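Colleague: Quick one: sequence plus predicted model below, questions after.
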Amino acid sequence: MAPLSTTSHDTTAADPQVRPPDGPPAPHPQDVPHPVFAFDLDEITYECGHPTVTGAEVMAAGGIPLTEGIIRVLPDGSREAVAPDTVVPLGTGAQFKRRPRFKRG
């Protein structure tokens with residue numbers, strides 16, 4: 001008869017609520033603090049998990065077609081156009097608006 005092999009299994013990795021033998025229960029992954037970055041688009045706040053965002057990501061979040069475009073409202077009140085491939089850092093108060101459409105006639 002072959003000897004039984006013993007392997008140690010870390011049950012805390014499979015179930016984070018299992019109490020490790022030497023301490024309190026491991027926190028649930030959703031309960032672990034992590035940085036949250038946010039931006040406003042047309043008065044609605046969106047959150048994302050990284051410190052930069054592209055114009056295309058902002059437009060996708062707001063359901064804006066890439067052909068319409070967006071503008072970024074800078075802290076001093078001025079505005080700049082944001083192309084879909086432009087990378088924008090999400091600092092305090094990052095604000096975007098749908099680019100205005102002008103109709104002739």
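Modeller: Thanks, I have it.
Colleague: rest of the way, CA atoms for contacts and neighbours
Modeller: OK.
Colleague: can you pull out the helices in this protein?
Modeller: Ranges of helices in the chain, per DSSP state H, are 11-14, 55-62.
Colleague: For these, which has the smallest mean pLDDT value?
Modeller: Note on the helices of the chain: lowest mean pLDDT is at helix 11-14, with a mean of 48.
Colleague: So which residues of the chain form strands?
Modeller: Residue ranges of the strands in the chain, as given by DSSP state E, are 37-41, 44-48, 52-54, 70-73, 79-82, 87-89, 95-98.
Colleague: and the fifth one, which strands flank it?
Modeller: Within its sheet, and counting by DSSP bridges, strand 79-82 is paired with strand 70-73 (antiparallel).
Colleague: Averaged pLDDT, the strand it pairs with. What do you get?
Modeller: On average, strand 70-73 scores 94.
Colleague: Equivalent analysis for stretch 91-105, please.
Modeller: Mean predicted confidence for stretch 91-105 is 82.
Colleague: pLDDT wise, what is residue 8 at?
Modeller: The predicted local distance difference test score for residue 8 is 41.
Colleague: Just the residues contacting stretch 91-101, thanks.
Modeller: 38-42, 51, 64, 68-75, 81 (C-alpha atoms under 8 Å, 6 or more residues apart in numbering).
Colleague: Residue 55 - how many residues pack around it?
Modeller: 22 (other C-alpha atoms under 10 Å).
Colleague: Which residues are in contact with it?
Modeller: Applying C-alpha under 8 Å, 6+ apart, the residues near residue 55 are 70, 82-88.
Colleague: ditto for residue 65
Modeller: residue 59.
Colleague: ok, now how distant is it from residue 43?
Modeller: 18 Å (C-alpha to C-alpha, to the nearest Å).
Colleague: Quickly note the distance from residue 89 to residue 104.
Modeller: 35 Å.
Colleague: Have a look at those two and say which one is more surrounded.
Modeller: residue 89 (14 against 4).
Colleague: Is that one in contact with residue 48, as I believe?
Modeller: No: using C-alpha atoms under 8 Å, residue 89 makes no contact with residue 48, being 11.9 Å away.
Colleague: Can you get me a residue count around the residue nearest to residue 62 when sequence neighbours are not counted?
Modeller: Spatial nearest neighbour of residue 62, excluding adjacent residues (C-alpha to C-alpha, 6 or more residues apart in numbering): residue 41 at 6.9 Å. Residues near residue 41, counting by other C-alpha under 10 Å, number 21.
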